[in-house]
Every structure is written in C-alpha cells, then in structure tokens.
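Novice: take a look and give me a structure for this.
(4 chains)
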Amino acid sequence: MIIALTVLLTVTGFFFFFATTIGLIRFPDFYSRMHAAGKGDTLSSLLMLLGLAIYSLHHFSFGNFLVSLKIIFIMVFIFLASPTATHAIIDAGFESGVKPWTKEEERAEE
Amino acid sequence: MIWQIDLMVLTLIVFCAFSAVMVKDLLSAAIIFGAYSFLMCLLWTEMGAVDVAFTEAAVGAGVSTIFMIAAIFRTSRSVKHRSRGRRFYKLIGFFAAAVTGMVLLYGQSDFPGWADPNSPASSHLSPYFITHTISDTAVPNIVTSVLADYRGFDTMFETAVIFTAGIAVIFVLRQYRRDQTDVAGTDEVAYQSPIIQTVSRQMVPFIQLFALYVVAHGHHSPGGGFQGGVILGASFILVGLSYDLRSVLKKMGEGPNIIFGNLGVFLYAGIGAVCILLGANFLDYSVLSRILPATDSVMARSHGILGVEIGVAIAVMAIMIAIYVNISSHGKYDKGL
Amino acid sequence: MHFIYMFLIMFGFWIVLSGKFDAFHITLGVISCLIVSFLSLDLFFHETKKKGRIAEVVRFLSYIPWLVKEIVLATIHVAFIALRPNVKDNIDPKVIMFKTRLKKDLSKVTFANSITLTPGTITIKVSDDEFYVHALTKKTAEGLPGEMEERVGKVFKEFGE
Amino acid sequence: MTTYFIYAGVGLCFLMFLALYRVILGPTAIDRLMGVNVIGTKTTVLLIVIGLIYGRVEMFVDIAIAYALLNFIATVGAARYFQHRKNLCSVGFGLRHKEDKGDTTE
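Specialist: Okay, here's the model as predicted:
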C-alpha cells in the first residue's frame, strides 16, 4: 500500500518534472520559460518529496517519523521559497529590460 | 557507490566546468559555477562522503556564489578581450596545462584504488579511528571526532586560515573615512520587493536555528562547526540581500563582528591552553573532566569537541559576514549588493 | 509576549530537527532557541499586531487546499502546453497591470505568490498597490484579480467585516 | 525498491541534462540563473533519493534541508544583482561570438 502510493506520487512528480523541463527548453522567451520552471518545479518536487516521505514511514519507528517530518519541512520550505525565487528571477529580468515575446511581434516579423 | 548516478553526475560536472570556463560573461560563469557546486555536492553525497558534501552545499553552492556575484558587482563583468598577440601565450598556457595534467595522471596511477581495503590508509589508520571512536570520545560521527579531536591541531589552523582570510579582506578593502560611523549611508536602496522581504524575514530564524542544530549535532549527524557557521553567516547575508546592508550592521555591527571572529579562534585555542594548564598535552580534552562537573574522561573529550566546534562556528560566521559586507560594499559599509 | 511565542515555535522546530530527548540536548536546544529568538525577534514579528493571529493561521490553512488544487491545474496547464507539438500557437503572452484592494504586506505577498502558483500567471512586480503580472494566455489574463483576491482578503480580514 | 530508486535517480539526472541545456546555452545570464534554480530543486530531491538507496535517510535529509535553504539564498543573491545593474549583457560562448561588447556601466 505504502509502496504503491510512493510509486504513484513519484511517477506523477517525475512526469511533471519531465514535462516542465521540456517546457523550459521549448518555450520561446524568458518569461514563458519561467512559467515552466516556476510552476513545474514546485508541484513536482512537492509530489516527489511527499512520496519519499511516505516511503520513509515504510518501517515505522520514531526516527523514521522524524525523518518524514523533516522531509515535510523541506516541502513547506519549497512551497514558500519556490514562488519567491521565481518572482525574484522574473523581477530581475523585468528590471533589466528583457522584452516579452508576444504573438503580435511574431506576426509583425513575418 | 551507485555507478549509474555516478556516471551521469560526473558527465554533468564536466559539462558545467567546461562551459564555466568557456563563457565570456563573468556573471554567467559565476552562475554556472553555482550549478557546478550543486553537482559536486551531489557527487560527494553519492560517494558517501556526507560531511564533505555538507560543506560543499553550504560553502560552494550558497555563499561562494554570492561572494563571486558581489565581487563582479563591484568590479567588472566582462573579460578584457584582446584579439591579437595573445595566441602565443595561450599556446604556452595550454601546453603547461596539458603537461601538468599528464604528470598528475601519471602520479595518480600510484594511488591505491578507490576504497581499496589494502591501501595503507584503510589498513592502518582508518581501523583505529573506526574501532576507537566510541570508546575514546563517545562520538558516533567519526569525521567529527577525527577533525576535532584526533587531528584537532590541524583543524585549529584551518580555522586560523579562515580567520586570516577574513582579516586580509578587511585589510585590503576596508576604507575608513573620518566623517563616517559604522552605520552610515543614507542613499541605500532596499530590495524593491515586499514579497522577497517578507518571505526571507520569516525564513531567517529557521535558517539560524537549523545552523545551530547543525553545530550542536555534529556528534551524531553530518555537519559541525564549519557548516553551521557558514549557514549562520548565510542567514545574515540573506537579511542583507533582501533588505539592505544597514539591517545586517544593526544586528551585527563591525566591531562586534570582529570581536566574534577573534573570540571563535580564541575559544578553540583557549580550550587547548586549558588542557596544558591542567597538565596534559595541547588539545587533549580528556583532562577537562577535572573541571567539568559529572564527566569522566570520555565524556570530557566529547564536550571538548563540542566547545571547539562552537568556537569554529562563531569564527566562521563572523568571517563570512565580514567578507560579504566588505566585498559587496567596497569596504565603505554603506551600500550593499 | 512575542518572545515567548517565538521561543515556542523555535523549540518545536528544534524538537523535529533534533530527535534527541536527553537533558544535554534539550539544554542545548533551549540555549539555541533563546539565541535565535534574541537575534531575530524583530524579523519574525515585524508588524506589531493585536490578537487574532491564531485565527488568521487557521483561516490561512483552510485557504491552502484551494491553492493546492490551483497548483495542480497550473502544472497540468503548463505541461499540456509544453508537450503539444507547436508551442507558439498555444500561447499568447502579455503583461498586464492591475490595482489591488489589499493593504497589508502579508496579504499582498500571499496574493502575489498565489498568482505565481496558479495557471498561466506569474507576478513580475509589486509596487504599492500595483501588480504587474505576466499571463501566458489571454484567458488567464482575464481571470485576474477575481476570485483569488476575495479569498486572500477573507483570510487576512482585509475588507472590513 | 532500491532498483526503482536508482532508476528514479538516473531519471532525475537525465532531466538535469535537459536543464543544463538552458544553463549552458543561455542565451542571457538570467536564463542561466533559471536553469540553475531548476537544477537546484532537482538536486534536493535527488539527495533524498540517494539517502533512500543507501538506507540512511536521516543523514542525507539534513544536507537536503541545507541545500534547499542555500539554493534560495543564492538565487536571491544573483537576482539582486540585476536590481542595480540593469543590462543583461547578452553574450554566449566565446566560440560563437567573436566580439563581446561587455559591460559599459561604471
């Protein structure tokens, strides 16, 4: 049961990691890449860490329970820090004047 | 060792190292070097060298990246590009590097294999450490007991080296002006983002407590004085990054900071000196059981290690803050990164 | 009073980290928590505030499930766009600006980070009450500020009541 | 289960290769920063995966925490640079761009 849950969560997380990393490569400009990087990372690392936290409860003991709690602390931290880091990077890009890619410009170039 | 992951990470590291050297923009090089440190930490972890990995994570990935960025911020971002007349020197440099590399590779063949059980290190020294650590010092983490007890003299001078580095940075960069106090500079612009300020404000206490945990539990888990001190310094650096330099200096002014740096080294050497006063060798903590209440000589060594680790942590923290403040403000203590 | 709160929070965190309950380690923990509370009290409790903090935390926790649902949708949204054959046809990014009614820093931060985590939008900049948001498609751009601002406002009791 | 985790670790490394594409080829410094941040989160997960493979998670989880904390600090530090130096100085490899304009401010 626990193993099934772990596999399910990690595989889902891995799939999202994969999809958003593909997005990181394929998206046309800095801002839209940031969408892939910021959102994908948050959910997928949360899912994978949750799966691993559940797995470490596999052989239940107090020590393992604390390990799970620590992993959950990392999750809380990533939940707070990841959107903030995303914001910091995209703000830096905005401040330094990266032009956002828009459909209109694309058409104008054609 | 897991060879699949080992291979992948090693390839990644080589890619990172090459691109960090190749790229012309220094800021990009610093950022890529951050990725290099991340991966290096992963490699150490995967080889089982947990304490080294911890140091790499704390120093390489976090603080040194910021130091480099601060240095680039205060100097220049691009390499001076000279197109002509350099080819000859480059050729010489390449030749020298190639020869050195070849000599190193040749010398490497005399080393024992990775984790070779018959090598001198693992047939004489390591078994002693592994079998005697618990009975000698009651410290489960062998790395800590080796660092702070068996080779305590070595670590003391490592701390002194870091201290010297901090003093050197202060000597070279610090500019004193007559009309200026410690907390000067009114034109400081804080980070223009309430989001980053609020989030890092909430995080700083947890980072500090985690750092103290790392120092206090160096006996049982990876970590210790160096790592804890760096993380503690990094928490102050985060305050400086998300607010401004003044809020760092309000918490840890220039004077107290230098005093703390001295105090750390003094604590380390002082514990050693107390051992001499009690009639034993320098840094032989077991004799401390005479002045510490309710401890036998084994526990005295354990507590001695803890005291030394605290000294290292204080010194490293103070030096990290001093280096950051001096580099990022050009030694003027007015405007940070 | 704040000092005691902070000490208790820090000590709880220490217990989770440490996992050792002998007198020696507990003493170390108490000393460490005192040091941290002394160092960073002004950072942790920035806005001197009256009561109602606990109720606020409870309301914030009840806000999280909705946020998690939004995060899942957001990731599926991004993943869907990234994996489809032609990326540039599916997106139409633009930067929009709107004014928020939220006043407090904390609620603005929650709102901004929620925007970052929900489908197709990222907060670029927050200055006073102006939010600059990068939206991946036209549809997501139209949804702002909308429902989320209401919810965040409810959590932090922004709109009177 | 160990085999499964090894495959998960290898998969994460493979994803790091994809992110490394962004880190190495840029095109701007800030794209690289984004790539490094992505690699950082993957590494945090991978550290715990390695811990589970070795069966000693309680040791590795501390490193993972330190890692997550310092990844955030480094990202904020690098992003802070652009608050004052506003040009991105778009340069690629020395191999591809023969002439670099360089930083002109200050």
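Novice: which stretches of chain A aren't confidently modelled?
Specialist: Applying pLDDT under 70 to chain A flags residues A:105-106, A:109-110.
Novice: which non-adjacent residue is nearest B:Tyr268?
Specialist: Distances taken as CB to CB, 6 or more residues apart in numbering or on different chains place B:Gly311 nearest to B:Tyr268, at 4.0 Å, with adjacent residues excluded. (Glycine included, C-beta is placed from N, CA and C.)
Novice: what packs against the host helix or strand of that neighbour?
Specialist: In the assignment (DSSP states H and E), B:Gly311 maps to helix B:297-328. Identification of packing neighbours for helix B:297-328 by 3 or more CB pairs under 8 Å, 6 or more residues apart in numbering or on different chains; DSSP states H and E yields helix B:65-74, helix B:126-137, helix B:142-145, helix B:152-173, helix B:194-216, helix B:225-242, helix B:245-251, helix B:254-277.
Novice: contacts only, for the residue nearest to the spatial centre of chain D.
Specialist: Residue closest to the mean C-alpha point of chain D, counted by CA atoms, centre = their mean, is D:Val36 at 2.1 Å. By CB atoms under 8 Å, 6 or more residues apart in numbering or on different chains, the contact set of D:Val36 is B:31-32, B:34-35, B:38, D:23, D:74-75.
Novice: domains of chain C?
Specialist: Split into domains by automatic domain parsing, chain C comes to C:2-44, C:53-155.
Novice: and B:Ile291, which of the ones you listed is closest to it?
Specialist: domain C:2-44 (17.3 Å; CB to CB).
Novice: straight-line length of the closest one, end to end?
Specialist: The first and last residues of domain C:2-44 sit 9 Å apart, counting by CA to CA, to the nearest Å.
Novice: how about the residues of the stretch 151-300 of chain B near chain A?
Specialist: For the stretch 151-300 of chain B, the residues in contact with chain A (CB under 8 Å from any CB of the partner chain) are B:193, B:195-196, B:199-200, B:202-203, B:206.
Novice: contacts with chain D among those residues, please.
Specialist: The residues of those that also fall near chain D, by CB under 8 Å from any CB, are B:196, B:200, B:203.
Novice: could I get the pLDDT score of the first one?
Specialist: I take that to be B:Ile196. Listed pLDDT for B:Ile196 reads 86.
Novice: nearest to B:Phe236 among the ones next to chain D among the residues of the stretch 151-300 of chain B next to chain A?
Specialist: Nearest to B:Phe236 among these, counting by CB to CB, is B:Ser200 at 11.4 Å.
Novice: tally of neighbours for the nearest residue to that closest one once chain neighbours are set aside?
Specialist: Distance criterion CB to CB, 6+ apart; nearest residue to B:Ser200, sequence neighbours excluded, is B:Ser242 at 4.0 Å. B:Ser242 has 27 neighbouring residues, counting by other CB atoms under 10 Å in any protein chain shown.
Novice: same check on A:Lys103?
Specialist: 14.
Novice: residue contacts, it?
Specialist: A:Lys103 sits next to C:88, C:92-93 when contact means CB under 8 Å, 6+ apart.
Novice: ok, and the closest non-adjacent residue to the residue of chain B found nearest chain C?
Specialist: Residue nearest to chain C within chain B: B:Leu212 (3.9 Å; CB to the nearest CB). Spatial nearest neighbour of B:Leu212, chain neighbours left out: C:Ser32 (3.9 Å); criterion: CB to CB, 6+ apart.
Novice: any idea which helix or strand comes after the one helix or strand the one you found maps to?
Specialist: Take DSSP H and E as the rule and C:Ser32 turns out to sit in helix C:23-44. Next along the chain after helix C:23-44, taking DSSP H and E as the criterion, comes helix C:53-83.
Novice: got the residues of chain A near chain C?
Specialist: Within chain A, the positions near chain C by CB under 8 Å from any CB are A:15-16, A:19-20, A:22-23, A:26-29, A:31-32, A:34-36, A:38-40, A:42-44, A:62-63, A:66, A:69-70, A:73, A:80, A:83-84, A:86-87, A:90-91, A:94, A:100-103, A:106.
Novice: who's in contact with the spatially most central residue of chain A?
Specialist: Taking CA atoms, centre = their mean, the centroid of chain A lies closest to A:Asp41, which sits 1.1 Å from it. Listed by CB under 8 Å, 6+ apart, the contact set of A:Asp41 reads A:17, A:20, A:82, D:37-38, D:41.
Novice: Throw those into TSV and include secondary structure, distance to C:Ser62 and neighbour count, thanks.
Specialist: Output for the contacts of A:Asp41, formatted as TSV (DSSP: H, G, I helix; E, B strand; the rest coil; distance: CB to CB, whole Å; neighbours: other CB atoms under 10 Å in any protein chain shown):
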residue	secondary structure	distance to C:Ser62	neighbour count
A:Phe17	helix	29	29
A:Thr20	helix	28	29
A:Ser82	helix	22	28
D:Asn37	helix	30	30
D:Val38	helix	31	29
D:Thr41	helix	27	27
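Novice: which residues of chain C lie near chain B?
Specialist: C:6, C:10, C:13-14, C:17-18, C:20, C:25, C:28-29, C:32-33, C:35-37, C:39-40, C:43-44, C:46, C:105-106, C:108-109, C:112-113, C:123, C:125-127.
Novice: and those, which are buried?
Specialist: Those of the residues of chain C next to chain B that meet the buried threshold are C:6, C:10, C:13-14, C:17-18, C:20, C:25, C:28-29, C:32-33, C:36-37, C:39-40, C:43-44, C:105-106, C:108-109, C:112-113, C:123, C:125-126, by 16 or more other CB atoms under 10 Å in any protein chain shown.
Novice: on that earlier part again, so can I have TSV of the domains of chain C showing mean pLDDT and distance to D:Phe60?
Specialist: Output for the domains of chain C, formatted as TSV (pLDDT from 0 to 100; distance: least, CB to CB, whole Å):
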stretch	mean pLDDT	distance to D:Phe60
domain C:2-44	85	14
domain C:53-155	80	26
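Novice: out of these, flag the one nearest B:Lys251.
Specialist: For B:Lys251, the closest of the domains of chain C is domain C:2-44, at 6.6 Å, according to CB to CB.
Novice: distance between that closest one and the chain's centre?
Specialist: 24 Å (CA atoms, centre = their mean, to the nearest Å).
Novice: ok, the residue nearest to B:Tyr268 to C:Tyr5 distance?
Specialist: B:Gly311 sits 32 Å away from C:Tyr5, taking CB to CB, to the nearest Å as the criterion.
Novice: element containing C:Val126, please.
Specialist: Assigned by DSSP H and E, C:Val126 falls within strand C:121-127.
Novice: hmm, I was thinking of B:Gly331
Specialist: Using DSSP H and E, no helix or strand contains B:Gly331.
Novice: mind pulling up the pLDDT for the nearest residue to it once chain neighbours are set aside?
Specialist: In this structure, B:Gly331 finds its nearest non-sequential neighbour in B:Leu173, 3.6 Å apart by CB to CB, 6+ apart. Confidence at B:Leu173, expressed as pLDDT, is 87.
Novice: just to check, B:Leu173 is in contact with B:Tyr324?
Specialist: No - taking contacts as CB atoms under 8 Å, B:Leu173 lies outside contact range of B:Tyr324: 11.3 Å.
Novice: could you give the angle of the strand holding C:Val126 to helix B:194-216?
Specialist: On the basis of axes from the mean of the first three to the mean of the last three CA atoms, to 10 degrees, strand C:121-127 is oriented at 100 degrees to helix B:194-216.
Novice: picking that back up, B:Phe54: which of the helices and strands packed on helix B:297-328 is closest?
Specialist: Across the helices and strands packed on helix B:297-328, closest to B:Phe54 is helix B:225-242 (CB to CB), at 4.8 Å.
Novice: between helix B:297-328 and that closest one, find me the angle.
Specialist: Between helix B:225-242 and helix B:297-328, the angle comes out at 30 degrees (the same axes, to 10 degrees).
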